[in-house]
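**Q** Fold the following, please.
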Amino acid sequence: MKIINFQMLTNSDIALLASLALVFLIQIYFLLVYYLKLALHKDRSPNQVSNQVTIILPVRNEEEHIREILHKFSDQQYNDYQLLVINVYSEDSTFEILKVLAETNPKLKITSLSQEAMFSEKQAINIGMKGASSPWIILLTSLSGTIGPEWLSKLNSLLTPETEAVIAYTNLGRTKGFRNLICRLELFNQFMISGSWALAGKPFVFNENNILFKKSMYFDTLGFRHKLNRNFANLELIFNENFKKGKVEITTNPDMAVHELIEDDRGDHLKLLRKSVQIRQNLFWSIKISLFLDDVTKLLLPALAVTLTVIHPENWMIIFAFPVIFILLLLIIVKILLNRLNEQKIFIPSLVYFLAKPIINWCLFWSMYLIHRRSKWN
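**A** Model (predicted):
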């Protein structure tokens with residue numbers, strides 16, 4: 001391997017090489033200070049204090065599955081909770097079955113959104129927040145898979161007097177098919193990014209489900225007032241405006257993870273992407289800038305390496321040492337995090353998706369921007 005002869009380089013060559021070194025150092029900084037911290041993160045010592053929790057669960061047309069859905073919570077090793085089920089204008093017998101079940105289940109409380117309307121997801125959550133009698137709330141969907149018996153007790157054990165939210169992992173259950181795989185990759189990527197930023201003191205989330213939070217956070221900020229017309233995101237908008245450094249706990253414990261069981265839908269991945277782009281647009285500027293810097297340097301690293309190799313092929317081994325070191329370190333971090341979350345069969349796809357995600361984000365951002373401009377002028 002030849003040593004680079006700087007005396008033979010032009011000023012533009014030196015500028016390119018310096019840019020490569022700078023971009024490499026920035027990416028190494030993000031990997032070590034942000035992503036590695038999440039991969040190695042361990043939960044704090046459990047707190048034995050019990051806090052009253054309300055689980056909000058919107059359902060619609062679930063008469064065939066409602067008993068199975070509610071049974072998932074029957075084995076919880078935690079007693080101080082209320083299950084508030086919101087019947088979202090069901091057209092079958094879901095509400096009638098719920099009323100019968102509530103007569104024999106003291107933990108079950110039901111309410112209803114009786115008429116379909118715009119912003120119904122936000123309205124259902126708002127009804128749930130008003131109907132909850134507990135100071136702590138957690139939102140799930142009717143599609144949530146198996147809930148571990150220690151799920152709620154372990155979430156509660158991470159609460160301290162200073163904590164305002166505990167963020168746990170959510171993804172899809174693994175099934176066959178490319179659409180299931182690509183959605184799992186997106187949700188894992190979202191958690192990897194938001195969890196890393198949370199541990200770095202810049203907390204935000206892409207997913208509202210499986211987050212234990214203070215009910216007062218919702219009402220102190222007037223709930224969804226002035227946010228009703230923001231599509232794709234719901235509680236995420238409130239979380240990202242109110243999460244503060246040192247007030248949010250993150251957990252990679254698979255016992256607190258939730259995997260949703262959904263059928264493949266062609267539009268699911270696109271919805272997740274649009275949601276993530278819109279959430280990023282509503283973040284604080286300090287977080288936006290750091291996310292942008294991470295994205296742009298991730299793209300510039302291979303681009304600069306290829307450019308320098310074309311100009312000086314004799315130094316290709318030294319030049320490509322930069323992206324190779326970056327990829328090896330990223331491989332280690334992704335593997336550790338996947339093992340911690342007990343996620344299987346997405347190791348190499350997760351790496352590829354992580355590297356390609358900045359391009360996906362920017363393409364989607366510009367397409368949404370052009371559509372918005374077109375509709376504005378029309």
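**Q** Without its sequence neighbours, what residue ends up closest to residue 155?
**A** residue 212 (4.9 Å; CB to CB, 6 or more residues apart in numbering). Yep, even glycine has a C-beta here, placed from its N, CA and C like the rest.
**Q** care to break this protein down by domain?
**A** Using automatic domain parsing, the domain ranges for the chain come out as 6-40+287-377, 53-190+203-266.
**Q** most neighbours per residue, which of these?
**A** Ranked by mean neighbour count under mean count of other CB atoms under 10 Å, the domains of the chain are led by domain 53-190+203-266, which reaches a mean of 18.
**Q** what about it, how long is it end to end?
**A** The straight-line separation of the ends of domain 53-190+203-266 (CA to CA, to the nearest Å) is 35 Å.
**Q** can you give me how far it is from the chain middle?
**A** Centroid displacement of domain 53-190+203-266 relative to its chain, using CA atoms, centre = their mean, to the nearest Å, is 14 Å.
**Q** need the domains of the chain in a markdown table with distance to residue 281 and mean pLDDT, can you?
**A** A markdown table is the format used below for the domains of the chain (distance: least, CB to CB, whole Å; pLDDT from 0 to 100):
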| stretch | distance to residue 281 | mean pLDDT |
| --- | --- | --- |
| domain 6-40+287-377 | 8 | 89 |
| domain 53-190+203-266 | 10 | 92 |
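**Q** Mind checking these for the one nearest to residue 279?
**A** Residue 279 lies closest, by CB to CB, to one member of the domains of the chain: domain 53-190+203-266, at 5.3 Å.
**Q** where do the helices sit along the stretch 1-150 of the chain?
**A** Along the stretch 1-150 of the chain, counting by DSSP state H, counting those that start in this stretch, helices occupy 11-29, 36-39, 66-71, 94-104, 120-131.
**Q** any chance of those helices in TSV, with distance to residue 84 too?
**A** Putting the helices of the stretch 1-150 of the chain into TSV (distance: least, CB to CB, whole Å) gives the following:
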stretch	distance to residue 84
helix 11-29	44
helix 36-39	31
helix 66-71	12
helix 94-104	11
helix 120-131	6
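**Q** Could I get the CA-only coordinates of stretch 145-154 as CSV?
**A** In CSV, the C-alpha atoms belonging to stretch 145-154 read as follows (Å, rounded to 0.1, in the frame of the first residue of the first chain):
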residue,chain,number,x,y,z
GLY,A,145,-49.2,-9.0,19.1
THR,A,146,-48.3,-10.9,22.2
ILE,A,147,-47.8,-8.7,25.2
GLY,A,148,-45.3,-10.1,27.6
PRO,A,149,-46.4,-10.6,31.3
GLU,A,150,-43.6,-8.3,32.5
TRP,A,151,-44.3,-5.6,29.9
LEU,A,152,-46.1,-3.0,32.1
SER,A,153,-44.2,-3.8,35.3
LYS,A,154,-40.8,-3.2,33.7
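**Q** Need phi/psi at the nearest residue to residue 49 once chain neighbours are set aside.
**A** Distance criterion CB to CB, 6+ apart; nearest residue to residue 49, sequence neighbours excluded, is residue 159 at 7.3 Å. Residue 159 has phi and psi values of phi -80, psi 140 when expressed as degrees, to the nearest 10.
**Q** so residue 159 makes contact with residue 166?
**A** Yes. In this structure, residue 159 is within contact of residue 166 by CB atoms under 8 Å, at 6.5 Å.
**Q** so what sits against both of these two?
**A** 212, 249 (CB atoms under 8 Å, 6 or more residues apart in numbering).
**Q** wait, residue 336 sits on residue 40?
**A** Yes. Residue 336 lies in contact with residue 40 (CB under 8 Å); the separation is 7.0 Å.
**Q** What residues does residue 216 make contact with?
**A** By CB under 8 Å, 6+ apart, the neighbours of residue 216 are residue 135.
**Q** what about dumping the CA coordinates of the one helix or strand residue 219 maps to to PDB?
**A** Secondary-structure assignment from DSSP states H and E places residue 219 in helix 215-220. Output of helix 215-220 as PDB, limited to C-alpha atoms (Å, rounded to 0.1, in the frame of the first residue of the first chain):
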ATOM      1  CA  LYS A 215     -51.000  12.600  31.000                       C
ATOM      2  CA  SER A 216     -50.300  16.200  32.000                       C
ATOM      3  CA  MET A 217     -48.000  16.600  29.100                       C
ATOM      4  CA  TYR A 218     -51.000  16.400  26.800                       C
ATOM      5  CA  PHE A 219     -53.300  18.800  28.700                       C
ATOM      6  CA  ASP A 220     -50.600  21.300  29.600                       C
END
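**Q** Whichever helix or strand comes after it vs helix 120-131, what angle?
**A** Where DSSP H and E defines the elements, the next helix or strand beyond helix 215-220 is helix 235-242. Using axes from the mean of the first three to the mean of the last three CA atoms, to 10 degrees, the direction of helix 235-242 lies 60 degrees away from that of helix 120-131.
**Q** Which strands or helices does helix 235-242 pack on?
**A** Here helix 235-242 touches strand 211-214, helix 215-220, helix 268-281, going by 3 or more CB pairs under 8 Å, 6 or more residues apart in numbering; DSSP states H and E.
**Q** Specify the angle between the helix or strand that the longest one is followed by and helix 268-281 in degrees.
**A** Pointing back at helix 268-281 there. Counting by DSSP H and E, the next helix or strand C-terminal to helix 268-281 is helix 285-311. On the basis of the same axes, to 10 degrees, helix 285-311 is oriented at 110 degrees to helix 268-281.
**Q** how far out from the middle of the chain is helix 285-311?
**A** Distance of helix 285-311 from the chain centroid (CA atoms, centre = their mean) equals 23 Å.
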